[in-house]
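1. can you look at this prediction? I've put the sequence above it.
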Amino acid sequence: MGGKIGELEAEKHVQYILLVEKRKDDFESVVTEHLRMNGAYWGLTTLDLLGKLEIVDQDEVVSWVMECQHESGGFGGNIGHDPHIVHTLSAVQVLALFDKLNVLDIDKITNYIAGLQNVDGSFSGDMWGEIDTRFSYIAICCLSLLQCLDKINVEKAVNYIVSCKNLDGGFGCTPGAESHAGQIFCCVGALALTGSLHHVDKDLLGWWLCERQVKSGGLNGRPEKLPDVCYSWWVLSSLIMIDRAHWIDKDKLIKFIIDCQDRENGGISDRPDDAVDVFHTYFGVAGLSLLEYPGVKAVDPAYALPVHVVNRIFFSR
Amino acid sequence: MHGRPRKAPKPEDAAASAAKAEKLRALQSQLLHNHHNQIYTKEALEISAKLLEANPESYTAWNYRKLAVEHNLSHSESDPDTVKSIFSEELRVVENSLKQNFKSYGAWHHRKWVLSKGHSSVDHELQLLDRFQRADSRNFHAWNYRRFIAALKGIPDEEELKYTTKLIETNFSNYSAWHNRSVLLSHLLQNKVKGFFPKEKVLVEEYEFVHQALFTDPDDQSGWFYHLWLLDQTVKPETPLLVSTWPAHGSDIIVSAEGCLDGRALSPFTSFHSDAGTFPLILYFNEAVEGVNSSTVTVKSVFTENKDLVWKPLATSKSCAAQAWVTHLNVPDVKLHPSTAYPIEVNLGDSQGIISLSGSHCSHPSRFAFTVCVQPLSSKHAERQSVEMILWRDVNFHFYDAHVQESSPIAYFDRLSIKKDHEPAASKWHAKTLVNEIALVRQLLSEIDCKIGKLTLARLLMAHDAMVSYMAPHSHKKVHSEEVLQLYSDLMELDPMHSQYYKEAQSLVLLQQVTSNRESLLKHCCHHRVSTSSSVGNSVCLRLNNLSLSRIGCVEQLLWVQMLDLSHNELRSIDGLEAMQLLSFLNLSHNKLSSFTALEPLRLLKLLKVLDISYNEIGAHPVDTRRYLCSSPLSHTVGSDWNFNEFVPDDAKVTNYWEAFAIFRGFNLTQLDIVGNAITDEKFKSFLIKVLPTLKWVDGEELH
């Protein structure tokens, strides 16, 4: 215990994200080219949470996003890459940040997603049939943001997710799969968005989740594993959605995230003194938002978007 | 992205990195070109193999290879050797990619895709899996693939169970193996497979197995989580049970049609005033159930038709399942039969239909009976209750004087719990097992100070007490409460990061102590006088204030409560209150409620008239942890009656008010206190007054 919590180097992180966007010929950039749509979502949401989204050229981003759309209605990770449900959600989230959901052909994109639901209620990631509860969350989140949730069979979708519930209260990617914080976030998020959290044993899962906090104050993803900043999101947002976040020590987690920053060059890494990347920068900042760190805007734990963006969609006149 | 040390970039690195990037980019462009132009030549395939070896996450390349396989299969002779070699080439590429990144979703899925075509050796896959298991026993991709292969080959669960035994014996710290074991055993137990019946026999063996893990490495969590599952299998009843009702069995309820009753000789447990013309009938089960309706529950009385009764689940969501269910019976017409005690009998569990979320049927018949008598209203007191403002000051309360009470109405308290005697043999085994486990964990703790061991002991002691009190309800002693409270205090020191968890557990133990017998409960019952000059006590209040409670529990013992003081505690949520259907007066001031959404359970309390939520933290937190636990458009749980826009003033910050609207719309409150919350300002107050047209007092001021 003890040790003063340092500062969040918000400005450095903003600069880091903008720089990453420019360094298109770096090996890092090339090797992640196929998931640029996710990267755009991580980077831009971080900028919004830090109050700096207006720096970005909105039109440039929006037109690039639309170029990634396939004739099937789905979006690929980058121009020319195959459509996948994962990138379809990221595309919708990016457009939501800019309040540009109106550029979408709603039928086209929602038909693509609805078409990926299987008979047992599960969702495939794309036409090649990989099934995972991540895709259940993605489908529900995406259609929810577009206010077209009734295009899928919600009851069956919920039943499939419940079939992936484990005896420790957690959830896995398919029935019988081990509980993992990332999958738990997806399942709890999907159940939250469909008003189905009564299927979660909040005390049992809440305890499993709070036990992810290890001595250093960081969170791991499952028992006997190392802590990682990205679990500040997966574990914490799950705890928030089931109202058990007070079962962890928030100050110690804040300190862990702060210690994972690269104070000189900006960016946040998985663990202190590791290499930074946009993925962990986003999850670190989003985690701090859930921990009510001053200067970071509130983020919605289920939609994984700033609260003002979600409210704009659901509560506008 | 994970686990790479932070290094300052060196100039020579930059050049090498740029060259690598160049090469990779070339491969990627070529791949996309070939893909879009449907080029599936050997050379093109080789490019994709190189790309996937360097970057297994390039998912379009895996798609491309599948298309190439399909294309090449359709263009080749159906010669089995060619077919086989096409698929083994795919497996080779996958293996090379997995060497790069053994957690690549795309690589594993491609392998599954190949195997599902049926031309590859399943045994070879099992060998591959053994290698992966040795390299990393927690690789969940490998475990999932193993499940896939086991299903493909039809490997029986018993064999896979033996595999987990082998792994655990090699290394106890294998959470993944324990997890798989629990999944397999659940199937085997549920299907009553030969050798896995009776359940008790299997559990005994599993306890012995896990004990080895706990003693070998008590600080590793894996064994303890498995032990918790075994404990749950031991104590949890096979079928849902009715544990409490209101009215209670054997009670004589006096209902007044309007206003309040004459204060004499009235037990809080058996008197009830209703201006709605009905009174509630509450069923409380040990777990959430569905299917409570007039077919599965029969209510026999002279003034109500059973088939007309509508049962509602007391759940704070659109769930059809709940632990508590309520229906409403009509108050008999007082003019026709004043002071007659009408008998009412309730039966359930005779037929199938009441079912838990896990699919087990309530199969034990339960019966309870009580009488209802309608008291004509005393005109002197007719209007008093509904007009006066309620004050919660200490001077307004007078303790119950047990001696003054005639024929102690508290006698009914003991009948609040429904007794049952069934499966005595099983219960004996459960009790014996708990005693064994308690002794074992105590022994372990005498050797080593282990946090999770202490927590397990606390849980075991509570389970033991619960079992004893269920089997013998008249034995009032909660034997272990003090020890459990101490254990949780120790845990707060040993493991301060999780102190709020232990604190909540302590609150539950405390509430158990308070509600476990009549003496302790009476200490918290007070007469409430509306004005200090009034000579008659009007209501009885259960005062649970200043107890450092951070959680509500034991609601099944409190279904009779009409007035509740929970002020000056540390409550963040009020989950559980929804079952207390008689609640009319509620004080939640000076707690830690941080949002209106935390008040969702109150929406089910149709009789609530007076609410005090002053001096909480509503509006002080940007993060709402109850956002998805209440009905709102965000979770698609509001109906078409959501007319929020009609209530919000034009210039108001919409986002501050929707939560209040979601909770308060449709309430019939006469009195509300909200001062001392960050959200409360004049504009917000006027918004609330619009939403709550029945309000007479706000923050102590009368409205006109």
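-> Everything's here; your move.
2. mind checking the SS state of the nearest residue to residue A:155 once chain neighbours are set aside?
-> Counting by CB to CB, 6 or more residues apart in numbering or on different chains, residue A:121 is the residue found nearest to residue A:155 once chain neighbours are left out, at 7.7 Å. The C-beta positions use only the backbone N, C-alpha and C, and glycine is treated the same way. What DSSP: H, G, I helix; E, B strand; the rest coil gives for residue A:121 is coil.
3. angles on the backbone of residue A:121, please.
-> phi 100, psi -20 (degrees, to the nearest 10).
4. relative to residue B:609, how far out is it?
-> Residue A:121 sits 44 Å away from residue B:609 when distances are taken as CB to CB, to the nearest Å.
5. confidence score at the residue nearest the centre of chain A?
-> The centroid of chain A falls nearest to residue A:304 when counting by CA atoms, centre = their mean (5.2 Å). pLDDT for residue A:304: 98.
6. next, it: secondary structure please.
-> Residue A:304 - assigned by three-state DSSP - is coil.
7. could you do residue B:112 as well?
-> Assignment for residue B:112 (three-state DSSP): helix.
8. and if you look at residue B:70?
-> At residue B:70, secondary structure determined by three-state DSSP is helix.
9. count of residues packed around it?
-> Under the neighbour criterion other CB atoms under 10 Å in any protein chain shown, residue B:70 is assigned a count of 13.
10. same check, this time on residue A:15
-> The burial count for residue A:15: 16, using other CB under 10 Å.
11. and it, what element?
-> helix A:10-22 (DSSP states H and E).
12. pLDDT score assigned to the closest residue to residue A:262 other than its chain neighbours?
-> In this structure, residue A:262 finds its nearest non-sequential neighbour in residue A:276, 4.9 Å apart by CB to CB, 6+ apart. On the pLDDT scale, residue A:276 is placed at 95.
13. ditto for residue B:421
-> For residue B:421, pLDDT reads 48.
14. surely the residue nearest to the centre of chain A and residue A:286 touch.
-> Yes - in this structure residue A:304 lies within contact range of residue A:286 using CB atoms under 8 Å: 7.2 Å.
15. name the residues contacting each of those two.
-> When CB atoms under 8 Å, 6 or more residues apart in numbering or on different chains defines a contact, the residues bordering residue A:304 and residue A:286 alike are A:45, A:233, A:237.
16. contacts only, for residue B:293.
-> B:311, B:353.
17. ok, residue 234 - contacts?
-> Using chain A. A:181, A:182, A:184, A:185, A:221, A:283.
18. should've been chain B
-> Contacts of residue B:234 (CB under 8 Å, 6+ apart): B:203, B:430, B:433, B:434.
19. and with 7 Å instead?
-> B:203, B:430, B:433 (CB atoms under 7 Å, 6 or more residues apart in numbering or on different chains).
20. assumed it was part of a helix.
-> Yes - according to three-state DSSP, the state of residue B:234 is that of a helix.
21. tell me the spacing between it and residue A:127.
-> 47 Å.
22. low-confidence regions, the stretch 301-450 of chain B specifically.
-> B:334-338, B:376-387, B:400-426 (pLDDT under 70).
23. taking it, what residue is nearest to chain A?
-> residue B:319 (4.1 Å; CB to the nearest CB).
24. and that residue, that one's in a strand?
-> No - counting by three-state DSSP, one finds residue B:319 to be coil, located in no strand.
25. shouldn't it be in contact with residue A:198?
-> Yes - between residue B:319 and residue A:198 there is a contact at 4.1 Å, judged by CB atoms under 7 Å.
26. quick one on the thing from earlier: give me the contact list for the helix holding residue A:15.
-> By CB under 7 Å, 6+ apart, the list of residues contacting helix A:10-22 reads A:43, A:46-47, A:50, A:52, A:55, A:263, A:265-267, A:278, A:281, A:285, A:295.
27. what's near enough to touch the nearest residue to residue B:577 once chain neighbours are set aside?
-> In this structure, residue B:577 finds its nearest non-sequential neighbour in residue B:601, 4.6 Å apart by CB to CB, 6+ apart. For residue B:601, the contacting residues are B:316, B:574, B:575, B:577, B:578, by CB under 7 Å, 6+ apart.
28. turn these into CSV, including distance to residue A:21 and neighbour count.
-> Shown next, in CSV, are those (distance: CB to CB, whole Å; neighbours: other CB atoms under 10 Å in any protein chain shown):
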residue, distance to residue A:21, neighbour count
B:316, 44, 21
B:574, 47, 21
B:575, 45, 19
B:577, 50, 27
B:578, 49, 23
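29. any chance of those residues in a markdown table, plus secondary structure?
-> Compiled in a markdown table, these are given as follows (three-state DSSP):
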| residue | secondary structure |
| --- | --- |
| B:316 | coil |
| B:574 | coil |
| B:575 | coil |
| B:577 | helix |
| B:578 | helix |
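30. which among the contacts of helix A:10-22 end up buried?
-> Using 16 or more other CB atoms under 10 Å in any protein chain shown as the burial test, those include A:43, A:46, A:47, A:50, A:52, A:265, A:266, A:267, A:278, A:281, A:285 as buried.
31. and which of the residues you listed is nearest residue A:174?
-> Comparing those against residue A:174 with CB to CB places residue A:278 closest, at 28.7 Å.
32. so, low pLDDT: which residues of chain A?
-> A:1-5, A:317.
33. er, chain B actually
-> B:77, B:257-269, B:275, B:334-338, B:376-387, B:400-426, B:471-478, B:531-538, B:640-641, B:647-656.
34. picking up where we left off before, how about the contacts of residue A:234, which pair is most distant?
-> Pairwise distances across the contacts of residue A:234 (CB to CB) peak at 14.8 Å, for the pair A:184 and A:283.
35. of those two, who's got more company?
-> Taking other CB under 10 Å, residue A:184 and residue A:283 do not tie; residue A:184 has more neighbours (31 against 26).
36. helix or strand: which one has the more buried one?
-> helix A:181-193.
37. now do the nearest residue to residue B:500 once chain neighbours are set aside against residue A:179, distance only.
-> Nearest residue to residue B:500, sequence neighbours excluded (CB to CB, 6+ apart): residue A:246, at 4.6 Å. Distance of residue A:246 to residue A:179, computed by CB to CB: 21 Å.
38. now swap in residue B:627 and tell me
-> Residue B:627 is 24 Å from residue A:179, by CB to CB.
39. residue A:200 too?
-> For residue A:200, the distance to residue A:179 equals 12 Å [CB to CB].
40. neighbour-wise, which of the two wins?
-> residue A:179 (26 against 23).
41. how about the secondary structure of residue 254?
-> Using chain A. Taking three-state DSSP, the label given to residue A:254 is helix.
42. look at chain B instead
-> Residue B:254 ends up strand, using three-state DSSP.
43. what is the burial count for residue B:699?
-> Counted with other CB under 10 Å, residue B:699 comes out at 14.
44. again, but for residue B:187
-> 14.
45. so what's the residue lying closest to it once chain neighbours are set aside up against?
-> Closest residue to residue B:187 apart from its sequence neighbours, by CB to CB, 6+ apart: residue B:157 at 5.4 Å. By CB under 7 Å, 6+ apart, residue B:157 lies in contact with B:184, B:187, B:188.
46. quick check, the last one in contact with residue B:194.
-> Spelled out, it's residue B:188. No - in this structure, residue B:188 is not within contact of residue B:194 by CB under 7 Å, at 9.4 Å.
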